[in-house]
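Participant: My questions concern the predicted model and sequence given below.
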Amino acid sequence: MRDFDHHDINLRIVLLVVLIPCVLICMILSLKYLAPLSILANVFILVVVLSCVSFGIKNRIEYPDTETKPIKSFGGVMKFIGVCIFSMEGVGVTLPIENSMARPTLMPRVIIIGMTIVCSLVILSGFFGYWGFGENPAEPITNAFPKNWYTIALKIAMILMIWITFALNFWVPFNLVWVYLKKRHTKRLALWERIYRAIFIIVITSIAIAFPSVTALMGVIGAVCLSNMGFIYPAFIELMLDWETPGLGYLKWRLWKFAAISLFGLFIMFLSAYFNGRDLIRVAISK
């Protein structure tokens with residue numbers, strides 16, 4: 001990792017430094033106080049995506065011979081799918097948000113509108129980022145932008161966005177675990193909750209320091225964990241609910257659908273985990 005003066009910065013040291021602000025923001029116990037910060041993070045995301053489109057077009061015009069390929073190797077496709085599946089982890093925030101809504105019946109409409117916007121932003125940044133900057137752009141994509149005060153502000157906005165979304169994504173799984181942890185304590189629950197929050201964040205940061213390759217780590221988590229949660233488990237639950245009523249259907253098509261989805265999930269899980277895990281280990285050893 002390099003700063004603007006081209007001095008080498010150890011990524012593991014940076015990760016250790018950001019531990020403190022991550023602990024502080026995760027001390028916010030209520031989701032309603034994180035919601036306004038989420039709106040701010042969404043504004044930052046929109047600005048970064050639009051800037052990616054703009055700089056991508058400008059770079060392509062300036063360097064029309066930038067190398068791009070219609071499809072990469074099979075391993076590259078598997079790594080890409082693992083990272084895409086990782087993006088499904090936001091599904092875990094859906095139910096807590098629905099439970100906090102004044103009108104929960106509007107949640108399906110919210111999901112449709114929200115996912116349309118999210119997919120559009122991802123497609124825009126992915127297409128113009130690759131088309132504009134080529135086969136091996138800097139990571140993250142903001143490092144490929146021209147170096148000026150505007151792009152420095154973009155990086156700061158991106159840092160704040162990741163910082164806020166980390167707290168949002170941490171809130172849901174921790175509260176699921178806290179339901180069982182708080183049974184061990186009868187007094188000073190607020191203090192113990194903050195202690196456990198700090199311990200969890202330290203563990204998460206330790207994993208990030210051990211495996212600093214974010215892309216490969218996202219791919220492994222997406223392949224091993226979220227391929228089950230996103231494909232196999234929902235298909236199995238649906239099959240069990242439909243087993244007697246309305247039944248398996250003509251030629252047991254619901255059973256065949258479950259088998260197809262499960263095989264696809266297993267296929268993604270093993271192959272994507274293999275290719276991303278190989279990169280993860282290589283980067284962890286080399287850095």
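Facilitator: Received the coordinates, thanks. In this text, all values refer to a predicted model and were calculated from it rather than measured experimentally. Numbering: from 1, shown residues only.
Participant: quick check, Lys69 in a strand?
Facilitator: No - under DSSP: H, G, I helix; E, B strand; the rest coil, Lys69 falls outside any strand and is assigned coil.
Participant: and it, what is it in contact with?
Facilitator: By CB atoms under 8 Å, 6 or more residues apart in numbering, the contact list for Lys69 reads Glu135. Every residue, glycine included, has its C-beta placed from N, CA and C.
Participant: Now do it against Glu135, distance only.
Facilitator: Separation of Lys69 from Glu135 (CB to CB, to the nearest Å) stands at 7 Å.
Participant: pLDDT below threshold where in the protein?
Facilitator: For the chain, the stretches flagged by pLDDT under 70 are 1-9, 88-93, 96, 213, 284, 286-287.
Participant: what's the residue sitting nearest the centre point of the chain in contact with, if anything?
Facilitator: With distances taken as CA atoms, centre = their mean, Ser87 lies nearest the centre of the chain, 4.4 Å away. The neighbourhood of Ser87, defined by CB under 8 Å, 6+ apart, consists of Val122, Gly222.
Participant: Look at it and give its secondary structure.
Facilitator: Quick answer, by three-state DSSP: Ser87 is helix.
Participant: Which neighbouring elements make contact with the helix or strand containing Arg254?
Facilitator: Per DSSP states H and E: Arg254 is located in helix 253-286. Packed against helix 253-286 by the contact rule (3 or more CB pairs under 8 Å, 6 or more residues apart in numbering; DSSP states H and E) you find helix 74-86, helix 214-221, helix 227, helix 233-242.
Participant: Of all the residues in it, which ones are buried?
Facilitator: Applying a neighbour-count criterion of 16 or more other CB atoms under 10 Å, one finds 254, 257-258, 261-262, 265, 268-269, 271-273, 275-277, 279-280, 283 buried in helix 253-286.
Participant: Rebuild the helices and strands packed on helix 253-286 as JSON lines, extending it with distance to Lys147 and mean neighbour count.
Facilitator: Below are those laid out as JSON lines (distance: least, CB to CB, whole Å; neighbours: other CB atoms under 10 Å):
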{"stretch": "helix 74-86", "distance to Lys147": "27", "mean neighbour count": "19"}
{"stretch": "helix 214-221", "distance to Lys147": "22", "mean neighbour count": "21"}
{"stretch": "helix 227", "distance to Lys147": "38", "mean neighbour count": "26"}
{"stretch": "helix 233-242", "distance to Lys147": "45", "mean neighbour count": "14"}
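Participant: Including distance to Asn169, could those go into TSV?
Facilitator: Formatted as TSV, the helices and strands packed on helix 253-286 follow (distance: least, CB to CB, whole Å):
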stretch	distance to Asn169
helix 74-86	11
helix 214-221	12
helix 227	18
helix 233-242	19
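Participant: can you tell me which of the ones you listed comes nearest to Pro146?
Facilitator: helix 214-221 (23.2 Å; CB to CB).
Participant: what comes into contact with the closest one?
Facilitator: Looking at what lies outside helix 214-221 - CB under 8 Å, 6+ apart - the contacts are 79, 82-83, 86, 89, 139, 207-208, 211, 272-273, 275-277, 279-280, 283.
Participant: switch to 7 Å and redo it
Facilitator: 79, 82-83, 86, 139, 211, 272-273, 276-277, 279-280, 283 (CB atoms under 7 Å, 6 or more residues apart in numbering).
Participant: farthest-separated two in the residues you listed?
Facilitator: Glu139 and Ala273 (20.8 Å).
Participant: can you map out the helices along the protein?
Facilitator: 11-17, 19-25, 31-62, 74-86, 94-100, 107-133, 149-181, 189-210, 214-221, 227, 233-242, 253-286 (DSSP state H).
Participant: For Thr186, grab phi and psi.
Facilitator: phi -110, psi -20 (degrees, to the nearest 10).
Participant: now Asn136
Facilitator: phi -130, psi 70.
Participant: What is the neighbour count of it?
Facilitator: Neighbourhood size, Asn136 [other CB atoms under 10 Å]: 8.
Participant: swap in Gly56?
Facilitator: If you count neighbours by other CB under 10 Å, Gly56 ends up with 24.
Participant: And Gly114, by the same measure?
Facilitator: When counting by other CB under 10 Å, one arrives at 15 neighbours for Gly114.
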